[in-house]
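Peer 1: let me see the structure of the following:
(one chain, ligands or ions: 2)
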Amino acid sequence: MSYEKSVELYNEACDLIVGGVNSPSRSFKGVGGGTPVFMKEGRGAHLFDEDNNRYIDYLGAYGPIITGHGHPHIAEAINEAARTGTLLGTPTKWENVFSKKLKDAVPSLEKVRFVNSGTEAVMTTIRVARAYTGKHKIIKFEGCYHGHSDLVLVAAGSGPSTLGSPDSAGVTPNIAAEVITVPFNDIDSFREAIDRWGDETAAVLIEPIVGNFGLVEPEPGYLEEIKKLTHESDSLLIFDEVITAFRFTYGAAQNMLQVEPDMTAMGKIIGGGLPIGAYGGRVDVMEQVAPLGPAYQAGTMSGNPASMRAGIACLEVLEKDGVYDTLDRLGERLETGLLEQAEKYSIPVTINRLKGMFTIYFTDETVKDYKGAERSNSERFSIFFKEMLDRGVHLAPSKYEAWFLTTEHSNEDIEDTLEASDQAFAALSSYIY
Ligand SMILES: Cc1ncc(COP(=O)(O)O)c(C=O)c1O
Ligand SMILES: NCC(=O)CCC(=O)O
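Peer 2: Ligands and ions are numbered 1, 2, ... in the order given. Predicted structure coming up:
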């Protein structure tokens, strides 16, 4: 495949934009370097780059694009918002319509607030928890990523881990000292942390199903025990469902897992591809927020009609019968095919999958925490990634991310992907053996 135009654009971008990208996850540093592909169009399950190469897309823009690129129902909602005012600076009925839709799907959201990104949503839940409890520290889990606000850039997975800096520079030691980190799926470590720090802990912040050191599910009973211990120490439980909300079911992961947090942060899918974040939870906790309470949070762009209407339209697509079963069926076919091929070429892999989201780890061990994901083979992932890209399959350029299926992937896309992966595994085995 020729990437001439991407190379040209990337060189130009490097002169103009720091690192040539507007989010570090988009650089190819995590896969040994190279030129990120410049896309000019997305259509359904496919992307088209500036050199007119076509890709089957499994990046899904890092998760939001669950209904495929340019979905007509969402496009129509955005067009309508463009015609009638993208930003009015007053309340609009769309905020009510959308809040009600979210609340109906996720009952723990007694009250909500819309913001503009997952980062903002999580950042604010922490502030609100501090206001409510009068305590300062938070407990988070190693390798979970919660956006780029200061407090959560400690032991962060995803982009920070990919670039080898899970603890960001520029976060002051005082702030870092407010964060206690424990390994995911290890209840004894959590118990020790809460025994030691519970009296000072405002909130326990967790991805109930992890998406940032690949996809990792909680072990049975783990979240229930976390919730019990958190409440025993008069701290609040916050679920970061920025990736997981509306990913596996029409609702949040908490609906499936049957564990309700005190507050939830959301983003990605609920914006239908436009910038969005939302947080919500128990009414007595949420009433800490201005103008009712003393915790300040605001936003010029918050609740803008375009994001609201795109989000509502996206949920209207997702609430149709059979959407999540289809994602599951396509995911299962891919998982089975990839495992068969890996075995054929004697390449040890582990796949963690839930419905239409999965991660392939180049390791023979079960991956249940960040350390396990970290031990998986980076070099093999990088080779596989590039071989797939060259064959028109677009994945996230990091072993810590996931593949995301959309409602627009067809059986043919899956079979074409498996044809490409068979060749990618063959090429990889020639590097190894
Ligand atoms: C679980 C989780 N929380 C928060 C964020 C931050 O969201 P955003 O990139 O919209 O700020 C992300 C982004 O990937 C995420 O995966
Ligand atoms: N899983 C982590 C992300 O999706 C981050 C995307 C970005 O920061 O560009």
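
Peer 1: which residues of the stretch 251-400 of the chain lie near ligand 1?
Peer 2: Gly267 (C-beta under 6 Å from any ligand atom). Every C-beta, even on glycine, is put in place using the N, C-alpha and C of the backbone.

Peer 1: where does this structure have its least confident helix or strand?
Peer 2: helix 158-162 (a mean of 82; mean pLDDT, DSSP states H and E).

Peer 1: in the stretch 1-150 of the chain, mark out all the helices, start to finish.
Peer 2: Along the stretch 1-150 of the chain, counting by DSSP state H, counting those that start in this stretch, helices occupy 4-16, 72-84, 93-105, 118-133.

Peer 1: determine if any part of the last one is in contact with ligand 1.
Peer 2: Yes: when contact is scored as C-beta under 6 Å from any ligand atom, part of helix 118-133 falls within range of ligand 1: Gly118, Thr119, Val122.

Peer 1: list only those of those flagged as buried.
Peer 2: Gly118, Thr119, Val122 (16 or more other C-beta atoms under 10 Å).

Peer 1: including pLDDT and distance to Arg333, could the residues you listed go into TSV?
Peer 2: Below are those laid out as TSV (pLDDT from 0 to 100; distance: C-beta to C-beta, whole Å):
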residue	pLDDT	distance to Arg333
Gly118	98	30
Thr119	98	34
Val122	98	34
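
Peer 1: looking at the residues of helix 118-133 next to ligand 1, which is nearest Tyr132?
Peer 2: Closest approach between the residues of helix 118-133 next to ligand 1 and Tyr132, by C-beta to C-beta: Val122, at 15.7 Å.

Peer 1: any idea which residue is closest to the centre of this structure?
Peer 2: Ile243 (3.4 Å; C-alpha atoms, centre = their mean).

Peer 1: report how many residues lie close to the closest residue to that residue other than its chain neighbours.
Peer 2: Using C-beta to C-beta, 6 or more residues apart in numbering and skipping the chain neighbours, the partner closest in space to Ile243 is Gly211 (3.7 Å). Residues near Gly211, counting by other C-beta atoms under 10 Å, number 29.

Peer 1: returning to what we had before: how close does the residue nearest to the centre of the chain sit to Arg130?
Peer 2: 24 Å (C-beta to C-beta, to the nearest Å).

Peer 1: quick one: average pLDDT of the helix or strand that contains Leu223?
Peer 2: Assigned by DSSP states H and E, Leu223 belongs to helix 222-232. The predicted model gives helix 222-232 an average pLDDT of 98.

Peer 1: quick one on the thing from earlier: and of the helices of the stretch 1-150 of the chain, who's closest to ligand 2?
Peer 2: helix 118-133 (8.3 Å; C-beta to the nearest ligand atom).

Peer 1: kindly export the closest one (C-alpha atoms) in CSV.
Peer 2: C-alpha atoms of helix 118-133 as CSV (Å, rounded to 0.1, in the frame of the first residue of the first chain):
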residue,chain,number,x,y,z
GLY,A,118,-14.8,12.0,29.3
THR,A,119,-11.9,13.8,31.0
GLU,A,120,-14.2,16.6,32.2
ALA,A,121,-16.8,14.1,33.4
VAL,A,122,-14.3,12.1,35.5
MET,A,123,-12.5,15.2,36.8
THR,A,124,-15.8,16.6,38.1
THR,A,125,-17.0,13.4,39.8
ILE,A,126,-13.8,13.6,41.9
ARG,A,127,-14.4,17.2,42.8
VAL,A,128,-18.0,16.4,43.7
ALA,A,129,-17.0,13.4,45.8
ARG,A,130,-14.6,15.6,47.7
ALA,A,131,-17.2,18.2,48.3
TYR,A,132,-19.7,15.6,49.5
THR,A,133,-17.3,13.6,51.8
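
Peer 1: is that helix anywhere near ligand 2?
Peer 2: No: applying C-beta under 6 Å from any ligand atom, one finds helix 118-133 out of contact with ligand 2, separated by at least 8.3 Å.

Peer 1: write out the residues of the stretch 51-200 of the chain neighbouring ligand 1.
Peer 2: So the stretch 51-200 of the chain meets ligand 1 at Tyr62, Ser117, Gly118, Thr119, Val122, Tyr145, His146, Gly147 (C-beta under 6 Å from any ligand atom).

Peer 1: my guess is the third one contacts His148. True?
Peer 2: Meaning Gly118. No: the criterion here is C-beta atoms under 8 Å, and Gly118 misses it with His148 at 9.6 Å.

Peer 1: report the contact partners of Phe404.
Peer 2: Tyr58, Leu59, Gly60, Gly63, Ile65, Ile66, Gly356, Met357 (C-beta atoms under 8 Å, 6 or more residues apart in numbering).
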